[in-house]
Each structure stands twice: as C-alpha cells, then as structure tokens.
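Asker: Just need the structure, nothing else, for what follows:
(2 chains)
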Amino acid sequence: MRDERVRRYGSVALVALLIAVLPHFIPSYGAFELTYVGAYAIGILGLIVLTGASGQISLGHGAFFAIGGYTVALLGQKLGVPYWISLPLAALASGVVGLGLGLVALRLEGIYLALATFALAVATPSTLKHFKALTGGSQGVVLSPLAVPGALHGLITPEQWLYYVTWTLAGVLFFATSLALHGRLGRALHALRDNEIAAVSFGVNPHRYKTLAFGWSAAYAGVAGAIVAIATAFASPDAYGIALSLALVTGAVLGGLDTLWGALIGGVIVEFLPLWAQKINPAAPSVIYGIALILFTIFLPGGIGRALQSALNSLRLRGGNQHARS
Amino acid sequence: MHAPSRLLAATLAAFFALALSAGTRTPVSADEPGITPTEIVLGGLHPYSGPASSYGAIGKGAQAYFAYINDNGGVNGRKITYKDLDDAYSPPQAVQLAKQLVEQDHVFAMFNTLGTPSNTAIRQYLNQNQVPQLFVATGASTWGADAAKFPWTIGWQPDYQSEAIIYARYLMNEDSNPKIAVLYQNDDYGEDYLTGLKDGLGKKADAIVKTASYEVTDPSVSSQIASLKASGATTFFIFATPKFSIQALVAAAQQSWKPRIFLNTVSNSQTTMKAATSAGGVAATQGVISVQYLKDPAEPKWDNDAGMKLYRAIAAKYMPGADQNNGYFLYGMGAAYTMVDCLQRAGKNLTRQRVMDAAIHLNERDNPFVISGVVVQTSPKNRFPIGQEQLASYNGTRFSLFGSLIGARGR
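Answerer: Numbering: from 1, shown residues only, chains lettered A, B, ... in the order given. Modelled structure (predicted):
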C-alpha cells in the first residue's frame, strides 16, 4: 500500500518536474501554447468531476468558460481590477451560475440534461452579443496582457510567467480534486452515480451532492476560461460557441473521464489536435473529433488515461513477477 | 502519509526554483527580423477551415501573386516567403499563431490577416512588439480610424460603413419614400454596415422598418426573410457573408418577395451570384445592386484588360485548377500588389519603421486588379488605402458597373 502511494506521488512529482523545466527547452511561444493546454486541462478536470465522478453530462461548459473569461475581462477593463483578484471572482461567478444550473439539472437526466446544456452552449454567443452595454457586444473586450511582477522583471518572459501561473493553479486544483475525490465527497458522488437508491439509503443527499458537483465543475471551467481570456488578451462572443463546448467534451472523453490524468491528456488534445489535423486537411478537425469520439466510446471507454494506466499496471505486474522469479 | 507529502513539498520547491530560473527569451539578432539579403519573410492568417473557410481563397491569391513576383526577380533582389497559416477564424488560435510567426518564424511583418475578431485579437500584441500589421482583410473602420493607438496597423479595402453610406445616398436619390428591411450578421461586421446605413440615411433613418440578424452558426435565414417580407418593406439590404446571402436571395425569390435588393461587397462575387441564380432562378438575383472596387473576373468587360489578363496568367500558372471567376483570388492578388509596392517604396534597406512609413504614403495609380480609376492612396492623416467604389447591378449573369466612382470619405 505504501509502495503504491510512493509510486503514485512519484509519478505526480515526475510530471510536475517535467512541466517546471519544460520552458527551458522550448521557445517562448511554445510555453504560450502549453498555457492553453493547462487551461483546457483545468476545464476538463471540471468535466471529470461532473461526468466522471457524479455521472451528469454537460455539453455546455463553454458557457462557463465565457463567464470566467468575461468576468476577468470586464472587471479589468471597466473597474481596473487586477487579475489576482478577478481570477478567483471568475471562479466564484461561474461556480454560482453552475450551482443554479445544477438545481435545474436535478430535474433532467441523461439525454435531456445533455440537450439542455447543449442549448446553453448554442445560446452563449447570442446572449453575450445581446447585452451589448455590458459585454461590448460582438466587438468583444480587449484585456491588458498579464505583466511580469517587478521582482521577476528580466528573469522570465510574460509568456513564461503566465505559463507558471497557469500550471501552478492547475497543480493546486489537481491536488485538491484528487483529495476530494478520494475522500468522503468522492465516495458520495461515486455512490450516487453507481446506484442512487443505495446511496440514499446510506444517507447521501442526492440533491445536495449533484448540485454541488455542478457548481464545482463550473468553477473550474470559469478559471480555465479566465486563463484563456488573459492569454488571448481578448474575449469575444464567437470564441465561446458550441465548438468550444464540444472540443472540451471530446478532450474529456478521449483523455479519460475516470482518471485525473485524463484531464492532462484531454488538454493536450483540445489544444493540439486541431493544429495537427489541419495539416492533413483543413476540414479534418471536426471529422477526426467525430470519428475519435465514436471509436473511443466503443473500444476505449476509459479513454487514453485509463488505457495508459492499465498498460503501466500490466508492465509493472510483469516486472514484479520477473522480480519474484529471479 | 508523511513520505508522500514531503515528496510533494520537495516537488513544489523544485518547481518554483526552476520557475524563477527559467531563462529569458533568446535575443534575436540585431538585424531586422525576417530580412536577409535574399529573402523577406511575411506572415499572415486566413481561415482555411471553419465557418469562414471560403475566404481562404484570398490567402491563396496573395500567395500566387508573391510566387509570380519571386519568379520575376522579387523585390529589390529579395524573394518573398509568405507564411500564411489557418486560424479557423478563431481569436485564441489567431493569437497563438501570430506569436508563433513573430517569435519562432521571425516574420518581418504580418500581411492581410483576415477577419475583424482575429485582427482585433492580435493587434495589441503586434503593436507592442512594433510588428507591422499590414493591409488587413476586413472592412471595419477601426483599422484606419485608430492609428493614434495602433500606429503599426493599417487596412486595405474600403470600410463597410462607407459602403453602406454609398447605398443610402443612391437609394434616397431613387426613392423619396423608401421602406427598408435589413438582414445582417450579428457581429461587428454586420453592425458596421447597419451603422453606416443609418448614418447615410441621416434624418430618414426611420425608413428602416425592420431588421433581422443571424448568427454564423445558424443553419438558415429563411425565417428571418419571412419576417422581413411581412414588414412590407420595398427595399432589402443584405449585409451577410456568401452562404447566408445566397440563402437570403433564394428565400426572397421563393417567397415571391420582390424588393429592391442591395447586397454587400463581401458577397458579390460571381461564385455567390451564380449559386443564388441556379438555386433560386434568375428572379433571385436580377437587379441586385452592389458596389465594386475590384475588377470582377466574371465580367466580360474586363476580358481584354491588361490587369485581368495578368490575373488569369498568374492564376493559371500558380493556382492550376482553381476557379478563376472566384473574385476572392483576385482580392488576394490586389492586396499582395499593394504589399509589394509598399516594400519597393520602402527601399533596399528594409526596416519595419520604413515599411510602415511607406504604407502610409501610398500613391498607387496602377494597381492592375482594382477597377480603373481607383487610386490606392494613403497619407499620415488618411489610413484608408481604398476609398473609392462604383455601383453595379446584376443582370442575371453578371454585374455591370454604372454611374461614376464614388468616394465615401470625401475623396
């Protein structure tokens, strides 16, 4: 057991180390791309909480990205609020809306919830355009770029600074999520997902936990949306359309919904798959998304994360056996 | 539990130590980026995929023109390498790719990036780094109007507001009591046209009896057309991109609505008009009024024109198999012509500052791709390179110019 734990934390430490040294070996814009990977990974982490742990579906997480992005954009532009204050507020705003949606979601299950959240994703750009006085309409909002703090001036580039801020946040959120999902909260959510009646008979309040999962997940998406907006230094309605929501779901399914590593893999997929696919054919990204989704649901429902984990486990078992034999 | 948490603490410590020591950007060489004795590297973004992918033809046209220039000696002995990437009309992608072009590919300048959202997203970054953002492919007025804040940015085509003003003035001459319905795309581009129309109508702005908008993700606009028709309007403005313009023209014909129709330049290519005519019949497109500032490859009037012959020769050699009647290719060549002219004007000793100066001192009377008489002209006070257009009406097979060149910004 102790061995297992050391191994798990060891692999976490290894990945963290890799993330920390990476900007030394890649150009600044590469760090910039990986910032997006970090942001998408945080967003997908939210989907893992919602879909993986609590069994609810959201095809509308782009809407929470929008809330996060517009919160930092508008607070910054209209009130001059610095990012270290507006970023937590973005999480809060998005989380509160998520809780509200969670209440609605209680009345909907499976495909109906999927449809309702899909509608949310479709409506997001038009809604943002409609409240023109507040959101600047379709012109979008320009954000000021994240500045390197005075003490670090000349030591790192703005892109690297944003990279480290993002990945530190991602690290904290991964750790917190892991703790929560392995504790009481996670057990309650898993119980509800697997058998609601049994869970209720053990004293789990389904309404409270399901709503909570929605708010929790939305808060993560809010953080992710805020980071993307800060990195892009521009928030515009059409960036939060259905394409974003579907890309997130695709990333989550391909990465794997039942392991936190899935979020990391999903982040890489959301950021780089369109770029790679474009090289094959400009129209390829959506086709590849579609085909991959179908193939994964049929043949690899646990996603790449689960597949890697079982591959590693079997390797380890084999290694262990050899060890025993020798 | 203690061992893992200690391990984690150690990791975090290492993380921050490394974060602090992450080296600074490797300095680029003292020379001007993207310029060597034999090469000029330009960057650009066009949507080759996604909802606006039909505009990708503009990038291809520009690429073909540069290839032609390179095969004919280049610019002052330097060949142009145009790194044109696909941003799928998405601002986050545009920002990432622009950084890649500037920081990895060390482009000298950005040329003809397409779309208002993408250009808005990268404008701040490019201006901060003093990278010229030249001749952007969008008709928003901000490219010419906000030079004080963004001196490294300049547009090319006539702006949408000016175009709408031309329509408004023409309409008021023709019809003393117009009843106007407007279909527009619900974004900055559609709103720019609507604003221009209202400005142009002035006191008569209440002649607009009904407006309807659509989102780029909408599957169809036929319900909007039904509601516009129901308003009883006798004039119909279509401020829409090609796909939706075709739908609007066809839907109006199918619903036997026969207003006077104005169609924005964004969608008046022969490709669009042909598609609308074949789907909705001649009635769908006959009499449609638009403006032009580029020679329309589908107009036989230009068949013997030297500029059109050049266009066809370049298209045949460098874009074999492409539909030459697609005006977007010609648009790309026209903008590329101005780019080459600007580089030549900047002289042999190229710097970003010199090229920017050249871009605001254009006086191009011989651009072979714009309609005869149009001068591509700028000055420090006038950063709208093309400010003249001419009305044209569609006879079922092609547009015919009528009237004279109209300057929208007092030219």
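Asker: Which residue is the nearest non-sequential neighbour of residue 103?
Answerer: Picked chain A for this. Of all residues beyond its chain neighbours, the one nearest residue A:103 is residue A:211 (5.7 Å), with distances taken as CB to CB, 6 or more residues apart in numbering or on different chains. For the C-beta atoms, the positions are set from N, CA and C on the backbone; glycine is no exception.
Asker: my question was about chain B
Answerer: Of all residues apart from its sequence neighbours, residue A:29 sits closest to residue B:103 (CB to CB, 6+ apart), at 4.5 Å.
Asker: For the nearest residue to residue A:125 once chain neighbours are set aside, what are phi and psi?
Answerer: For residue A:125, ignoring the flanking residues on the chain, the nearest one in space by CB to CB, 6+ apart is residue A:237 at 4.1 Å. Per-residue torsions, residue A:237: phi -50, psi -40 (degrees, to the nearest 10).
Asker: Could you count how many residues lie near residue A:237?
Answerer: For residue A:237, the count of nearby residues is 27 (other CB atoms under 10 Å in any protein chain shown).
Asker: for residue 190, what are its contacts?
Answerer: Because you didn't say which chain, this covers chain A. By CB atoms under 8 Å, 6 or more residues apart in numbering or on different chains, residue A:190 lies in contact with residue A:53.
Asker: not what I meant, chain B
Answerer: A:138, B:184, B:213, B:239-240 are the contacts of residue B:190 under CB under 8 Å, 6+ apart.
Asker: Roughly how far does the residue nearest to residue A:103 sit from residue B:187?
Answerer: Relative to residue B:187, residue A:211 is positioned 35 Å away (criterion: CB to CB, to the nearest Å).
Asker: Ok, residue B:317 next?
Answerer: Relative to residue B:187, residue B:317 is positioned 37 Å away (criterion: CB to CB).
Asker: Please say which of those two ends up with more neighbours.
Answerer: For residue B:317 versus residue B:187, neighbours defined as other CB under 10 Å are more numerous around residue B:187 (24 against 12).
Asker: pretty sure the more buried one contacts residue A:138?
Answerer: Yes. Taking contacts as CB atoms under 8 Å, residue B:187 lies within contact range of residue A:138: 3.9 Å.
Asker: hey, what's in contact with both of those two?
Answerer: A:129, A:237-238.
Asker: What is the nearest of these to chain B?
Answerer: Checking the shared contacts of residue B:187 and residue A:138 against chain B with CB to the nearest CB, the nearest one is residue A:129 at 5.6 Å.
Asker: May I have the residues that are in contact with the closest one?
Answerer: Residue A:129 touches A:135, A:137-138, A:237, B:186-187, counting by CB under 8 Å, 6+ apart.
Asker: ok, now residue B:129?
Answerer: Applying CB under 8 Å, 6+ apart, one finds that residue B:129 lies in contact with residue B:102.
Asker: centroid residue for chain A?
Answerer: Centre of chain A computed as the mean C-alpha position; nearest residue by CA atoms, centre = their mean is residue A:43, 1.7 Å away.
Asker: Is stretch A:65-73 positioned near chain B?
Answerer: No. On the criterion CB under 8 Å from any CB of the partner chain, stretch A:65-73 is out of touch with chain B, staying 9.9 Å away.
Asker: Give me the contact list for that stretch.
Answerer: Identification of contacts with stretch A:65-73 by CB under 8 Å, 6+ apart yields A:43, A:83, A:86-87, A:89-91, A:93-94, A:97, A:124, A:128, A:135, A:141, A:143, A:218, A:221-226, A:228-230, A:235, A:237, A:239-240, A:244, A:248.
Asker: Pull out the buried residues from those.
Answerer: Buried subset of the contacts of stretch A:65-73 (neighbour count, 16 or more other CB atoms under 10 Å in any protein chain shown): A:43, A:83, A:86-87, A:89-91, A:93-94, A:97, A:124, A:128, A:135, A:141, A:143, A:218, A:221-226, A:228-230, A:235, A:237, A:239-240, A:244, A:248.
Asker: circling back to that earlier point, just list the residues touching the residue nearest to residue A:125, thanks.
Answerer: For residue A:237, the residues meeting the contact criterion (CB under 8 Å, 6+ apart) are A:66, A:124-126, A:128-129, A:135, A:137-138, A:140, B:187.
Asker: what packs against the strand or helix carrying the residue nearest to residue A:103?
Answerer: With elements delineated by DSSP states H and E, residue A:211 resides in helix A:206-232, which encompasses its position. Of the remaining helices and strands, those touching helix A:206-232 by 3 or more CB pairs under 8 Å, 6 or more residues apart in numbering or on different chains; DSSP states H and E are helix A:28-47, helix A:61-79, helix A:83-105, helix A:158-182, helix A:184-194, helix A:196-201, helix B:91-99.
Asker: Which is the succeeding secondary structure element to the last one?
Answerer: Meaning helix B:91-99. Assignment by DSSP H and E places the next element after helix B:91-99 at strand B:109-111.
Asker: Let me know the next secondary structure element after that next one.
Answerer: As assigned by DSSP H and E, the chain's next helix or strand after strand B:109-111 is helix B:116-128.
Asker: distance between that next one and the chain's centre?
Answerer: 15 Å (CA atoms, centre = their mean, to the nearest Å).
Asker: got a list of what the residue in the stretch 151-300 of chain B that chain A sits nearest to touches?
Answerer: For the stretch 151-300 of chain B and chain A, the shortest gap (CB to the nearest CB) falls at residue B:187, measuring 3.9 Å. By CB under 8 Å, 6+ apart, the residues touching residue B:187 are A:129, A:138, A:237-238, B:116-117, B:216.
Asker: next one: residue B:113
Answerer: Contacts for residue B:113 were tallied using CB under 8 Å, 6+ apart; they are B:44-46, B:87, B:94, B:98, B:119, B:122, B:133, B:136-137.
Asker: Let's see that with 10 Å instead.
Answerer: By CB atoms under 10 Å, 6 or more residues apart in numbering or on different chains, residue B:113 lies in contact with B:43-46, B:59, B:84-85, B:87, B:94, B:97-98, B:101, B:119, B:121-123, B:126, B:133-138.
Asker: Give me the spatial nearest neighbour of it, chain neighbours excluded.
Answerer: Residue B:113's closest residue in space is residue B:45 (CB to CB, 6+ apart), at 4.4 Å.
Asker: Then residue B:85?
Answerer: Excluding the flanking residues, the one nearest residue B:85 by CB to CB, 6+ apart is residue B:97, at 4.8 Å.
Asker: follow-up on the earlier one: which of the shared contacts of residue B:187 and residue A:138 has the weakest pLDDT?
Answerer: Lowest pLDDT within the shared contacts of residue B:187 and residue A:138 is found at residue A:238 (83).
Asker: isn't that residue right up against residue B:89?
Answerer: Yes. In this structure residue A:238 lies within contact range of residue B:89 using CB atoms under 10 Å: 8.0 Å.
Asker: Overlap in contacts, those two.
Answerer: Contact with both residue A:238 and residue B:89 is made by residues B:51, B:117, B:216, according to CB under 10 Å, 6+ apart.
Asker: The first one touches residue B:241, doesn't it?
Answerer: Yes. Applying CB under 10 Å as the test, residue B:51 and residue B:241 come out as touching, 8.4 Å apart.
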